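Trainee: Below: sequence and its predicted model.
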Amino acid sequence: MPDYDMLGFGETMAMFVAEEYGDLAKVGRFHKRIAGADNNVAIGLARLGLNVAWLSRVGADSLGRFVQDSLIQEGLDCRFVRTDSQRPTGFQLKSSEEDGRDPTVEYFRRNSAASALSVSDVDPSLLTARHLHATGIPPALSASAKEVSSYLIAQMRAAGHSVSFDPNLRPSLWPDSHTMVATVNELACQAHWVLPGLAEGRLLTGQEAPADIAAWYLDHGVEAVAIKLGPEGAYFRTAQQEGVVAGFTVDRVVDTVGAGDGFAVGVISALLEGQGFAQAVRRGNWVGSLAVQSQGDMEGLPLKAQLDAARPILEL
């Protein structure tokens, strides 16, 4: 069994992206891709040369085969992706927008195969990975998927491996805001590194300023926090230092979806290399800036050769 640098888990959906601008109801042509915040990070790390295991479920249908083939082509080890003959593969429709505006996304994932992910799907070999990346999406899908999230975080921490957590709030998946906040914070506070957006951090902690949001998580046991500030970059805080790392200027924003996932790719990859947290945040800003310049959720994530070429500009 190979030694994994990172374990990722969650739901990969098929995604149908409009090939023309306008209301999804009036769009006549779409093209097929894959989508999912958790797998975006897994793919981004695989592109940078890390050995990444992916844990999920897909339906016994054509979309499930498409999803699995796409992930394998991206270099993920998918031997732990289960095929569910009783539930379908989830999918989504995504609009195309002019001027970099946020697209409209409609989800069709209720009772999907991935929502049935359970602790019984976890092979013990996965727990040998150096790092686990988790988000707030799987625990919103079902009780069993929430149990998987809790189990993996607890097991990885107990084994001495690092854990990162991106809240990735999806209010429409939760029964109410209170449940969402309580559950996501319960998981986030077990991670070593927490990576919220500013609006997410405000909702989750009740604090307004980035410094106070970060302090709230540090007070609850987290080792380091990076708060995404959009074009302005990111604020970070650890027990030893804090500051704002400026963002990278882009000529044109094409698609904002996936920018936060790109940020996570940069931060995690740098930290696994042994870089300091401020340096990792700078790389996160850089990967995020690439992500918004491409159509699609993960198409703009860089390859290792691009990262190696960019290292001189990533130094603080």
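Mentor: Now that the structure is in, tell me what you want to look at.
Trainee: Next, the contact list for Pro138, please.
Mentor: 9-11, 38, 117, 145-146, 148-149 (C-beta atoms under 8 Å, 6 or more residues apart in numbering). For the C-beta atoms, the positions are set from N, CA and C on the backbone; glycine is no exception.
Trainee: wait, Asp3 sits on Asn51?
Mentor: Yes - Asp3 lies in contact with Asn51 (C-beta atoms under 8 Å); the separation is 6.7 Å.
Trainee: about what we covered before: which single one of the contacts of Pro138 is nearest to Gly276?
Mentor: Asp38 (25.8 Å; C-beta to C-beta).
Trainee: show me the residues around that closest one that make contact.
Mentor: Counted by C-beta under 8 Å, 6+ apart, Asp38 has contacts 8-12, 133-135, 137-138.
Trainee: Take those and keep only those in helices.
Mentor: Members of the contacts of Asp38 lying in helices (criterion: DSSP state H): Pro138.
Trainee: Please render the contacts of Asp38 as JSON lines that adds pLDDT to the earlier fields.
Mentor: Formatted as JSON lines, these follow (pLDDT from 0 to 100):
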{"residue": "Gly8", "pLDDT": "98"}
{"residue": "Phe9", "pLDDT": "98"}
{"residue": "Gly10", "pLDDT": "97"}
{"residue": "Glu11", "pLDDT": "98"}
{"residue": "Thr12", "pLDDT": "97"}
{"residue": "His133", "pLDDT": "98"}
{"residue": "Ala134", "pLDDT": "98"}
{"residue": "Thr135", "pLDDT": "98"}
{"residue": "Ile137", "pLDDT": "97"}
{"residue": "Pro138", "pLDDT": "97"}
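Trainee: Quickly check the contacts of Asp38 for the two that are furthest apart.
Mentor: Among the contacts of Asp38, Thr12 and Ala134 lie farthest apart (C-beta to C-beta), at 15.3 Å.
Trainee: of those two, who's got more company?
Mentor: Comparing Thr12 with Ala134 by other C-beta atoms under 10 Å, the one with more neighbours is Thr12, at 31 against 28.
Trainee: if we can go back for a sec, now the contacts of Asp38: which count as buried?
Mentor: With burial judged by 16 or more other C-beta atoms under 10 Å, the buried subset of the contacts of Asp38 is 8-12, 133-135, 137-138.
Trainee: would TSV of these with distance to Ser112 be doable?
Mentor: As requested, these are exported to TSV (distance: C-beta to C-beta, whole Å):
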residue	distance to Ser112
Gly8	17
Phe9	14
Gly10	11
Glu11	7
Thr12	10
His133	21
Ala134	19
Thr135	16
Ile137	12
Pro138	12
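Trainee: For Val245, state which of those residues is nearest.
Mentor: Using C-beta to C-beta, the buried ones among the contacts of Asp38 come closest to Val245 at His133, 20.2 Å.
Trainee: what is the closest one paired to in the beta sheet?
Mentor: Gly8, Ser164 (DSSP bridges).
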